[in-house]
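> sequence and predicted structure, then a few things I'm wondering about:
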Amino acid sequence: MLPKLVDLGPLPIHTYGALLALALLTAIWFAARLAEQDGVSRSLTWDLGFVVVISGIIGAKLLLVIVEWDYYRANPGRLFSMEFLQAGGVYYGGFIGAVLGGFWFIRRHPSLSFWRMADAAAPAVALGQAIGRLGCFSAGCDYGCPTSVPWAVTFTSEYAHRMVGTPLNVPLHPYQLYESGGAFILFLALWWGFRRRNFFGQIFCFYLMGYGTLRFFLEFFRGDIDRGFVFGGLLSTSQLISLLIVPAGLVSYVWLRRHYERLNRGVENSRF
């Protein structure tokens with residue numbers, strides 16, 4: 001692990017932040033490249049990407065506060081701390097925020113179709129996740145549970161322990177690498193299917209079903225206890241959301257498939 005990419009004393013450059021920035025820029029660049037194949041200018045996709053990033057950050061922070069409500073209710077001043085500013089937030093909150101922000105932007109640009117842009121975004125998001133989780137690994141956050149498997153990782157950085165509570169000198173599942181690898185495989189599958197799709201929205205639906213399934217099962221390998229749980233600890237918050245987005249992706253897929261002829265005929269004038 002490498003929590004600090006460059007140590008500048010009071011203002012270090014954290015590896016997590018650098019990789020997160022790289023993930024966001026790479027995702028927008030790749031989405032713009034795919035959207036251009038569907039006739040959308042790259043500049044418009046970059047504008048959309050900026051809105052999506054801002055709304056995604058807001059959503060991630062909001063869900064973080066909801067998940068850790070007792071802590072922030074007892075310590076409201078922490079909402080204005082450097083700790084809160086540096087916290088990445090909860091991914092699903094960011095995802096929901098990004099979708100809402102993207103929908104808001106597209107509604108104000110008649111030339112864009114929500115489902116067409118969602119298809120371009122889906123592989124890009126998976127690629128961004130693959131890069132971003134490497135940042136989590138470097139920081140030691142979102143760590144795995146104790147294990148004796150041969151590929152277990154052991155963190156030793158006191159700085160990471162102070163910043164994010166990483167357990168030290170304990171063999172752990174490299175959860176961050178599991179999700180990074182899974183997200184990259186999902187990215188390759190979605191990219192392969194992009195030009196072979198039968199209707200707009202198909203790739204986005206595959207992302208919902210694919211990532212939701214991946215995240216649900218990988219959550220069993222996580223060891224950080226502050227990520228939020230429901231039903232008396234039976235499921236993590238992310239697992240609950242996964243159980244919602246997988247059927248949402250399936251229902252959307254069935255609905256879009258039944259209506260793809262109508263959507264494709266009116267794609268240039270469709271706001272949906």
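Perfect, I can see it now.
> what residues are up against the nearest residue to V6 once chain neighbours are set aside?
The shortest distance from V6 to any residue other than its chain neighbours is 4.2 Å, reached at I13 (CB to CB, 6 or more residues apart in numbering). In this view, the C-beta of every residue, glycine as well, is placed from N, C-alpha and C. The contact partners of I13, by CB atoms under 8 Å, 6 or more residues apart in numbering, come to K4, L5, V6.
> how near is I13 to L2?
11 Å (CB to CB, to the nearest Å).
> okay, now A121: neighbour count?
27 (other CB atoms under 10 Å).
> distance of it from T213?
19 Å.
> also V230?
From V230 over to T213 (counting by CB to CB), the distance is 19 Å.
> looking at these two, which is more packed in?
With neighbours defined as other CB under 10 Å, V230 and T213 compare such that T213 has more, 16 against 13.
> wait, what's in contact with that one?
S242, V246.
> next SSE downstream of the lowest-mean-pLDDT helix or strand in the chain?
Ranked by mean pLDDT, DSSP states H and E, the helix or strand of the chain with the weakest confidence is helix 82-86, at a mean of 59. Next along the chain after helix 82-86, taking DSSP states H and E as the criterion, comes helix 91-107.
> so what does that next one touch, helix or strand wise?
helix 42-67, helix 114-139, helix 237-258 (3 or more CB pairs under 8 Å, 6 or more residues apart in numbering; DSSP states H and E).
> what average pLDDT does the first one get?
For helix 42-67, mean pLDDT rounds to 90.
> next: the shortest one.
Within the predicted structure, the mean pLDDT of helix 237-258 is 94.
> likewise for the second one?
In this model, helix 114-139 carries a mean pLDDT of 94.
> show me which of the contacts of I13 are buried.
K4 (16 or more other CB atoms under 10 Å).
> between the contacts of I13, which is closest to T156?
Checking these against T156 with CB to CB, the nearest one is K4 at 14.1 Å.
> dump the residue contacts of the closest one.
K4 neighbours (CB under 8 Å, 6+ apart): P12, I13, H14, T15, Y159.
> compile the residues you listed into TSV and extend it with columns for distance to R33 and secondary structure.
Output for the contacts of K4, formatted as TSV (distance: CB to CB, whole Å; DSSP: H, G, I helix; E, B strand; the rest coil):
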residue	distance to R33	secondary structure
P12	33	coil
I13	28	strand
H14	28	strand
T15	26	helix
Y159	37	helix
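> buried subset of these?
Buried among those by 16+ other CB under 10 Å: H14, T15, Y159.
> tell me which residue is most central in the protein.
What sits nearest the mean C-alpha location of the chain, by CA atoms, centre = their mean, is Y91, with 4.7 Å.
> quick one, what contacts that residue?
By CB under 8 Å, 6+ apart, Y91 lies in contact with A60, Q129, S238.
> tell me the contacts of the last one?
Counting by CB under 8 Å, 6+ apart, S238 touches V90, Y91, Y92, R215, F216, E219, R227, G228.
> show me what contacts the last one?
By CB under 8 Å, 6+ apart, the contact set of G228 is I66, V67, E68, V90, S236, T237, S238.
> which one among those residues gets closest to H173?
Closest to H173, out of all of the contacts of G228 and judged by CB to CB, is S236, at 14.7 Å.
> residue contacts, the closest one?
E219, R222, R227, G228, F229, V230.
> how about a cut-off of 6 Å?
Residues in contact with S236 (CB atoms under 6 Å, 6 or more residues apart in numbering) are E219, R227, F229.
> how much space between the second one and S236?
Distance of R227 to S236, given as CB to CB: 6 Å.
> same check on the first one?
E219 sits 5 Å away from S236, going by CB to CB.
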